[in-house]
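> Following is a predicted model, sequence given first.
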Amino acid sequence: MWPYLTVWFVVVLCYCLGQSAVSEDVRLRFVLFLVAGGVGCWFIWTWRDGQRKRLAEVIAGARSLAMGEEVGVSNLKRDDFDVLEGLVREASRRVSGQAKDAAKKSRNLEALIDALDEPVLATDNADAVLLCNRAAEVFLGARSGELVGRPIGELFTQAELLDMHAGAREGTVRRGRVKVTTPIGVRIFQVTASPVPAAWGQGIFGAVLVLRDVTELDHAAAVKTDFVANASHELRTPVAAIKGAAETLAQCLKDDPDSADRFVRMIQGHATRLEEMLRDLLDLSKLESTEEHVDREEVDLAVIQQSLHALFGDECARRSLTLRFEFSDELMGMRSDPKLLMLVLRNLVENASKFAYEGTAIRVRGAMVESAVGGGEQNDALPGRVVRFEVIDQGIGIPIAQQDRVFERYYQVDSARTGSGMKRGTGLGLAIVKHAVRSLGGQIGLTSIWREGTTVWFEVPVGSETGEAESIRE
């Protein structure tokens, strides 16, 4: 528009100046008017252009603000645009502060879920992964950038897990156990799928999956169930025998002294078995308790030898067994916990006396050796020289397939091992031994040849006064 007005003024000016009838005074005034009008138009144009530029700057700032960016507006002046610029600046400051707070909260949330040991995944309303923690990255074997955006159905194939996720998407908290194949084998996970409400109103935005590895808990529960079942069975047998023998004894005490004597011996035998079972349960409970401590002091192996002879001399004589002790002179003055050491040797000798062939020898050996690290049920690696004890019997032996399980609580080798002529144990002896050796900071293992014999060995540190070893719970 301004170019057209300029041309019009120039044409009018030329026309007026060319008219001879117009006086010089009029011409001069007209020229001054045109000049003043032109200057005024120029000022108006300049002011308008400046305001347009400032408005463009404000609009650009508003657009940047809408994108969540911090903006600045310059050339402030005391007019209506000052108010608009001030509003944009204030909005920019507030949005910038909110963005920083949101970023801080996001980092805190990421740090929080990364601190969890359990894998955590969050999905959106399209079932695509929104975020995951480090445990989920390790579990799925991929980085977060590779997981975000992928459908949950590509990461898991277990129908139960996907059903729980679908239920959470519908607004219901779902829980269940799922077996998942991992690089370390099949594991059992307790899965919790929770809905995520939409922040803008009603409805469900997505779901959160939390996977907790409960394999060990399930195993412990199964062991406990088996333990209770086996204990009930083992206790029921001697109690029933004692009850029946006592009733029969009451009937034949006067008329049949020989039978009465036999029933008395039966009662005594089963009562002894109950006593052994209760003793073993108490020993195992103490060893698995955090209150059990190791008191290291000088061990007198001669006293231990005499105690073992006193405990098992009669049983060995009855079965024509020879109990031999072979302790190296290097062990004189060794330091350990005498009570725990006696507990281990007592159970091992008792076990050997039950399963050795009659007329054979049971050998108890002790010497200083280099550690056989990695050969048995370990606590930690034992560097350097250690004290190694061995209890060797010539008996029925243990089948190879069952040797890995003999240290489990209440596990007993099948009837081929404990059949006719063999005295049954409580099934706790070797479990007690394993815990006691671990409490001493050592390791234990065995070698066995079917129908030839078994050697159970254990190694403990050499007289170290480094403090008490921690009791390890199963």
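Looks like it arrived, so ask away. What you are looking at is a predicted structure, and each value in this text was computed from that prediction instead of being measured. Residues are numbered from 1 along each chain as shown.

> What about the closest residue to C252 other than its chain neighbours, how many residues nearby?
Distances taken as Cβ to Cβ, 6 or more residues apart in numbering place S259 nearest to C252, at 4.9 Å, with adjacent residues excluded. All C-beta spots, glycine's among them, are computed from the backbone N, C-alpha and C. Applying other Cβ atoms under 10 Å, we find 14 other residues in the vicinity of S259.

> Backbone torsions only: list them for S259.
phi -70, psi -40 (degrees, to the nearest 10).

> And it, how close does it get to R273?
Going from S259 to R273 by Cβ to Cβ, to the nearest Å gives 21 Å.

> Ok, L161 next?
Noted for L161: a distance of 48 Å to R273, by Cβ to Cβ.

> Could you check which of these two is surrounded by more residues?
Neighbours around L161 and R273, counted as other Cβ under 10 Å, are more numerous at L161. The numbers are 23 against 20.

> Give me the spatial nearest neighbour of the more buried one, chain neighbours excluded.
V178 (4.9 Å).

> Could you list the buried residues of the helix or strand harbouring that neighbour?
Element membership of V178 [criterion: DSSP states H and E] is strand 174-182. Of all the residues in strand 174-182, those buried under the rule 16 or more other Cβ atoms under 10 Å are R174, V178, V180.

> Give me the packing partners of that strand, helices and strands only.
helix 159-169, strand 185-197 (3 or more Cβ pairs under 8 Å, 6 or more residues apart in numbering; DSSP states H and E).

> what about it, average pLDDT?
Mean per-residue pLDDT for strand 174-182: 88.

> quick one: strands adjacent to that strand?
strand 185-197 (antiparallel) (DSSP bridges).

> chain center to the strand it pairs with: distance?
Centroid displacement of strand 185-197 relative to its chain, using Cα atoms, centre = their mean, to the nearest Å, is 14 Å.

> Report the angle between that strand and helix 159-169.
With axes from the mean of the first three to the mean of the last three Cα atoms, to 10 degrees applied, the angle from strand 185-197 to helix 159-169 works out at 10 degrees.

> From I392, how far out is E315?
From E315 to I392 the distance is 17 Å (Cβ to Cβ).

> what does H219 give?
For H219, the distance to I392 equals 32 Å [Cβ to Cβ].

> what does L281 give?
Taken as Cβ to Cβ, the span from L281 to I392 is 28 Å.

> next one: S144
57 Å.

> Compare the two and say which is more crowded by neighbours.
I392 (21 against 16).

> For the residue nearest in space to the middle of the chain, which residues are in contact?
By Cα atoms, centre = their mean, the chain has its centre lying nearest to D117, at 5.5 Å. D117 makes contacts with A135, as judged by Cβ atoms under 8 Å, 6 or more residues apart in numbering.

> Surely it is in a strand?
No: going by DSSP: H, G, I helix; E, B strand; the rest coil, the assignment for D117 is coil, not a strand.

> Angles on the backbone of it, please.
Torsion angles, degrees, to the nearest 10, at D117: phi -80, psi -30.

> same thing with the one 3 residues further on?
Summarising the backbone geometry of V120 under the convention degrees, to the nearest 10, its torsions are phi -130, psi 130.

> next one: V387
Main-chain dihedrals, V387, degrees, to the nearest 10: phi -90, psi 120.

> any idea how far it lies from S371?
V387 is 10 Å from S371, by Cβ to Cβ.

> Same question for D101.
Counting by Cβ to Cβ, the gap from D101 to S371 is 58 Å.

> Settle it for me: which of those two has more neighbours?
A direct count of neighbours by other Cβ under 10 Å for D101 and S371 places S371 higher, at 18 against 10.

> Name the secondary structure element that contains R438.
Counting by DSSP H and E, the element that carries R438 is helix 429-439.

> C-terminal to that helix, what's the next element?
Sequence-wise, the next helix or strand downstream of helix 429-439 (DSSP H and E) is strand 443-449.

> Just to check, L284 is in contact with I432?
Yes: L284 lies in contact with I432 (Cβ atoms under 8 Å); the separation is 5.2 Å.
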